[in-house]
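**Q** my questions concern the predicted model and sequence given below.
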Amino acid sequence: MNEPFLLPVMYKGDERAFETNLQVLGFIHRLAVDVDGVTVFFERDEEGAFRAIMPPESTDKPPAIDLLRAIAETIDELLA
């Protein structure tokens with residue numbers, strides 16, 4: 001179950017694929033997504049929607065917010 005997989009995402013009319021890993025941390029399940037070389041974690045917030053989280057120690061420039069929204073929406077659709 002820890003095998004990486006490609007997550008297909010439609011973004012600005014193009015389909016992109018992002019390498020993704022499922023991480024299980026106790027009761028927390030999150031997806032680690034490689035977004036153009038930057039690892040972004042997607043996990044559910046208190047309301048059940050997916051949010052993007054970058055590690056606090058990351059010095060990378062965050063990906064575009066609309067790209068992160070497209071990834072979160074795709075994850076939500078796939079898990080619905």
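**A** Arrived safely.
**Q** drop to CA atoms for contacts and neighbour counts, all remaining ones
**A** Fine.
**Q** and residue 71, what helix or strand is that in?
**A** helix 65-79 (DSSP states H and E).
**Q** buried residues in that helix, which are they?
**A** Judged by neighbour count using 16 or more other C-alpha atoms under 10 Å, the buried positions of helix 65-79 are 68, 71-75.
**Q** just checking, what packs against it?
**A** strand 5-11, strand 50-53 (3 or more C-alpha pairs under 8 Å, 6 or more residues apart in numbering; DSSP states H and E).
**Q** how about residue 13, phi and psi?
**A** Dihedral pair for residue 13: phi 80, psi 0, per degrees, to the nearest 10.
**Q** how close does it sit to residue 47?
**A** Separation of residue 13 from residue 47 (C-alpha to C-alpha, to the nearest Å): 29 Å.
**Q** now do residue 22
**A** 21 Å.
**Q** compare these two (neighbour count), which wins?
**A** Neighbour count, other C-alpha atoms under 10 Å: between residue 22 and residue 47, residue 22 has more, with 17 against 6.
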